[in-house]
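**Student:** Sequence and computational prediction follow.
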Amino acid sequence: MSASLSIVIFVIVLALIFDFINGFHDSANSIATIVSTKVLKPYQAVVWAAFFNFAAIFLFDAQVAKTVGTGIVNTSIVNHTLILSALCGAIIWNLITWWFGLPSSSSHALIGGLIGAGLMRGGFNVLIWQGIIKTASFIIISPLIGLILGLFLMVVVLNLSRHSNVSRSNRIFKKLQLFSAAIYSISHGMNDAQKTMGIIALVLYSGGYLGPTFHIPFWVVVSCYTMLALGTMSGGWRIVKTMGTKITKLQPMGGFCAETAAALSIIGASFAGIPVSTTHTITGAIMGVGSTRRLSAVRWGVAGNIVWAWLLTIPVSGVLSSGIYFLLATLFP
């Protein structure tokens, strides 16, 4: 086995580890609402979420993967050191935010890693600003859409349920929340698995293993969906507490509205080829649902800490990846 092929295999394995950590980190997004409303126990919820994460393979569309693979940095300057540095920067930031229980974006950590390593490799000219601006703008747009949809759905559902009592409404929405959690997990799989697919395809393309045209091999698709689902099954319990109880108190009706709102937002973005943060979107939806009771029902101090983590994700993961790139390029010129 040649040294070049060994490096490619190593980077692909690291990308799949990132995919696993992504699922582990983001499993809280998929299960926090359904656990906090006591519709499912935690171990049941992670299995439910993981199954539908993988089920998204049957709705596979490569637009997000192509954005990550070809829309952030110029593919002509990509090498193994750049991809390795980007992945390491994203993984480190994911683990830091998991440790502190902050629901940050694995997606934006990866984008930040690509930007930081790309800058060290070739300067500002190698960055594809159209893709970066489109992705970065959704740091604000995706939670805002989630918030508005969550608020709207909650108002509609409250009006439709105004003649029902609380006990009956909870019974109905506990059943409906199984459906909404499944749709949300499908949307999570659709968007998040594609980011790792884009990275692996970029490694293969830059190494000449894909031929003249950038595409996503089927074995890459299956591998990424599998690792994301396995990561989800491992669960990120620290973040579940923040998402499910610290932002606002949820009932089954609110959980259904939050999950449905987030799922609609993420599925729309996936078909548009935008690598949005599932974390940002579900957090915005939970805030929107909570604010229908009263604004004070949302713990805005906790929400503020989360927003700071969002804003820091791209720059910090970029700094981490650029530092790693510099170190690797110095030690292994």
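**Tutor:** Now that the structure is in, tell me what you want to look at.

**Student:** where do the helices sit along the stretch 1-150 of the chain?
**Tutor:** Per DSSP state H, counting those that start in this stretch, the stretch 1-150 of the chain carries helices over the ranges 3-36, 42-55, 63-70, 80-99, 106-122, 129-160.

**Student:** Can you add mean neighbour count and give these back as a markdown table?
**Tutor:** (C-beta placed from N, C-alpha, C; glycine too.) Formatted as a markdown table, these follow (neighbours: other Cβ atoms under 10 Å):
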| stretch | mean neighbour count |
| --- | --- |
| helix 3-36 | 23 |
| helix 42-55 | 20 |
| helix 63-70 | 23 |
| helix 80-99 | 23 |
| helix 106-122 | 28 |
| helix 129-160 | 19 |
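
**Student:** Now render the ones you listed as JSON lines, adding distance to residue 224 and mean pLDDT.
**Tutor:** Shown next, in JSON lines, are these (distance: least, Cβ to Cβ, whole Å; pLDDT from 0 to 100):
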{"stretch": "helix 3-36", "distance to residue 224": "5", "mean pLDDT": "81"}
{"stretch": "helix 42-55", "distance to residue 224": "10", "mean pLDDT": "85"}
{"stretch": "helix 63-70", "distance to residue 224": "9", "mean pLDDT": "81"}
{"stretch": "helix 80-99", "distance to residue 224": "13", "mean pLDDT": "89"}
{"stretch": "helix 106-122", "distance to residue 224": "13", "mean pLDDT": "90"}
{"stretch": "helix 129-160", "distance to residue 224": "19", "mean pLDDT": "87"}
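
**Student:** Out of these, which is closest to residue 206?
**Tutor:** helix 80-99 (7.8 Å; Cβ to Cβ).

**Student:** For residue 105, see how far away residue 312 is.
**Tutor:** 11 Å (Cβ to Cβ, to the nearest Å).

**Student:** quick one: which of those two has more around it?
**Tutor:** residue 105 (34 against 17; other Cβ atoms under 10 Å).

**Student:** what's the neighbour count on the nearest residue to that one once chain neighbours are set aside?
**Tutor:** Once flanking residues are discounted, residue 105 sits nearest to residue 277: 3.4 Å by Cβ to Cβ, 6 or more residues apart in numbering. If you count neighbours by other Cβ under 10 Å, residue 277 ends up with 31.

**Student:** State the pLDDT value of residue 277.
**Tutor:** According to the prediction, residue 277 has pLDDT 75.

**Student:** Redo the helices of the stretch 1-150 of the chain as CSV? Include distance to residue 270.
**Tutor:** Formatted as CSV, these follow (distance: least, Cβ to Cβ, whole Å):
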stretch, distance to residue 270
helix 3-36, 15
helix 42-55, 13
helix 63-70, 6
helix 80-99, 20
helix 106-122, 11
helix 129-160, 11
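
**Student:** Out of these, which gets nearest to residue 210?
**Tutor:** Nearest of the helices of the stretch 1-150 of the chain (Cβ to Cβ): helix 63-70, 10.1 Å.

**Student:** ok, and for the helix or strand where residue 330 lies, which residues are buried?
**Tutor:** Per DSSP states H and E, residue 330 falls inside helix 300-331. If you call a residue buried by 16 or more other Cβ atoms under 10 Å, then helix 300-331 has these buried ones: 303, 306-307, 309-310, 312-314, 316-325, 328-329.

**Student:** That helix vs helix 80-99, what angle?
**Tutor:** Angle, helix 300-331 to helix 80-99, by axes from the mean of the first three to the mean of the last three Cα atoms, to 10 degrees: 150 degrees.

**Student:** Quick one: mean pLDDT for helix 300-331?
**Tutor:** 81.

**Student:** helices or strands up against that helix?
**Tutor:** Packing contacts for helix 300-331, counted by 3 or more Cβ pairs under 8 Å, 6 or more residues apart in numbering; DSSP states H and E, involve helix 80-99, helix 106-122, helix 129-160, helix 278-290.
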